[in-house]
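Q: dropping a prediction and its sequence here:
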Amino acid sequence: MGWLDELDELLDENESHDFLGEAPETPKKKENENLVLLVDGDIIAYSSAFACQESFVLAVKRETNESYEFGNKTLAKNKLGERFEEFEIVELARTATEEALFSTIRSQIESYKKRFKTSRVEIYVNGQTNFRYVVPLPIRYKSNRGSAKPQLLSRAQAILRDHFNAISVDGIEADDAVSMRQHELNKEGVDNIVITVDKDAMQCEGKVFNPRNLRLTTVDKFGSLRLKNSDSGKKLVGTGLVWLLAQIIMGDKVDGYLPSDLHGKRVGPVATYKYLSGATGVNDAWKRAFNAYKDLFGGGELTWTDHYGTVHTGNYLDVMQMYATCAFMLRNGNHIDIHKIYEMVENDIEVPNGGLGECGE
């Protein structure tokens, strides 16, 4: 069984996708009663748990066990000066009460309802499994994530499930569930807004609200790309199909999937923008992405060892399939089919829906 077959089996086994036809019932409200807010609940869980946690360090003197509390390690070092080396630094945290955590979570949800004048809210949180973990990357998906999670994270997720009807999804990520529900509501003509800070959501057609910068963006199917200046240099931002293709070419350091782990070349925001800039339509954008992969990986046979230690052989399209599987937010429950899209582009067949959904069916 190949890894794509295993992925399909994983998606079939995890029937948490049933929620697509059974959205949780929510009370109606006179104002904007048809608008549905689709919330990535892990954003609420993390931010609330961190807000209810006070981090500090304890400097414990090795010889006498006397201790001093500081806000962080830097403050301890500045205060203790030359004596700093005499102390063991222990990182600790105080957490607020469960009532405070509940109140913080409720305040976030109520603020979204008030802003958009609707009471229809659907919340999704991550479960224990993720199909992207079986993708045979050289480094496992998200294995670069640190272990510094807020202490109250699991309680925050439980509160969302128990008190706010949040749906826990297994086999997929919460933002996949949000994207799938968004895709369904769009097809039904139901007004909806996705609420998340995750940049992956910007590849999905529809309205996306970022609670961090309070920006509401309407994403069209094809989308756009632009380079902007940041403290660390040029940064690529975008929407729609071309944003997905940029992620497939460049990868994502935060989620830990980087094509450069295999091709060994430096492909940053500027190079990625050049590969895709000037695309005249859906098929042309895909052709540019395919050419980028052929340029980076060559047209011959490739061999690589995955994070399980298994050796794989394939061509640049097989490699592109791996990274596209990681980057692509599910629309209909099926993964994106790079080989199918490639055949369409080569035969001048218009890629339906830009490849964003229907090409996985």
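A: Yes, it's here. Residues are numbered from 1 along each chain as shown.
Q: which SSE is immediately downstream of the longest helix anywhere in the chain?
A: Longest helix in the chain, counting residues (DSSP state H): helix 98-116. Of the helices and strands lying after helix 98-116 in sequence (DSSP states H and E), the nearest is strand 121-130.
Q: now do that following strand and helix 98-116, the angle between them.
A: 120 degrees (axes from the mean of the first three to the mean of the last three CA atoms, to 10 degrees).
Q: what comes up buried for strand 121-130?
A: 121, 122, 123, 124, 125, 126, 127, 129, 130 (16 or more other CB atoms under 10 Å). Yep, even glycine has a C-beta here, placed from its N, CA and C like the rest.
Q: sorry, back to before: and the longest helix of the chain, what's its mean pLDDT?
A: Across helix 98-116, the average pLDDT comes to 96.
Q: so what touches that helix?
A: Outside of helix 98-116, the residues within contact range by CB atoms under 8 Å, 6 or more residues apart in numbering are 32, 35, 37, 39, 44-45, 47-49, 51-52, 96, 119, 121, 123, 152, 155-156, 159-160, 163-164, 193, 195, 209, 211.
Q: filter those residues to the buried ones?
A: 35, 37, 39, 44-45, 47-49, 51-52, 96, 119, 121, 123, 152, 155-156, 159-160, 164, 193, 195, 209, 211.
Q: excluding its backbone neighbours, what's nearest residue 236?
A: residue 269 (3.6 Å; CB to CB, 6 or more residues apart in numbering).
Q: er, residue 327 actually
A: That would be residue 247: by CB to CB, 6+ apart, it lies 4.1 Å from residue 327.
Q: you'd agree the one you found is in a helix?
A: Yes. Counting by DSSP: H, G, I helix; E, B strand; the rest coil, residue 247 is located in a helix.
Q: hey, where'd the helices end up in the stretch 51-200 of the chain?
A: 73-80, 98-116, 153-164, 174-188 (DSSP state H, counting those that start in this stretch).
Q: in the last one, which residues are buried?
A: Of all the residues in helix 174-188, those buried under the rule 16+ other CB under 10 Å are 174-186.
Q: closest one of these to residue 335?
A: Of all these, residue 176 has the smallest distance to residue 335: 10.2 Å, by CB to CB.
Q: just confirm that closest one contacts residue 332, I think it does.
A: No. Applying CB atoms under 8 Å as the test, residue 176 and residue 332 come out as separate, 10.8 Å apart.
Q: so, low pLDDT: which residues of the stretch 1-150 of the chain?
A: By pLDDT under 70, the low-scoring segments of the stretch 1-150 of the chain are 1-31, 146-147.
Q: and if we set it to 50?
A: 15-23, 29 (pLDDT under 50).
Q: that one: strands as residue ranges?
A: Here the stretch 1-150 of the chain has its strands, by DSSP state E, counting those that start in this stretch, at 36-40, 53-61, 67-70, 87-95, 121-130.
Q: I'd like those strands as TSV, with distance to residue 306 appended.
A: Converted to TSV, the strands of the stretch 1-150 of the chain look like this (distance: least, CB to CB, whole Å):
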stretch	distance to residue 306
strand 36-40	29
strand 53-61	36
strand 67-70	44
strand 87-95	34
strand 121-130	16
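Q: nearest to residue 227, out of those?
A: The closest approach between residue 227 and any of the strands of the stretch 1-150 of the chain, judged by CB to CB, belongs to strand 36-40 at 26.6 Å.
Q: export the closest one as CSV, just CAs?
A: What follows is strand 36-40 as a C-alpha-only set of coordinates in CSV (Å, rounded to 0.1, in the frame of the first residue of the first chain):
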residue,chain,number,x,y,z
VAL,A,36,-22.4,31.5,10.2
LEU,A,37,-19.1,32.1,11.9
LEU,A,38,-16.7,29.2,11.4
VAL,A,39,-14.1,29.4,14.2
ASP,A,40,-10.7,27.6,14.5
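Q: ok, and what's touching that strand?
A: Contacts for strand 36-40 (CB under 8 Å, 6+ apart): 23, 109, 112-113, 116, 118, 120-124, 174-175, 178, 181-182, 185, 190-198, 201.
Q: cutoff 6 Å now
A: 112, 120-123, 174-175, 178, 181-182, 192-196 (CB atoms under 6 Å, 6 or more residues apart in numbering).
Q: farthest-apart pair in those, please.
A: 120 and 175 (19.3 Å).
Q: can you report how many residues neighbour the residue nearest to residue 236?
A: 18 (other CB atoms under 10 Å).
Q: this completes my enquiry, with thanks.
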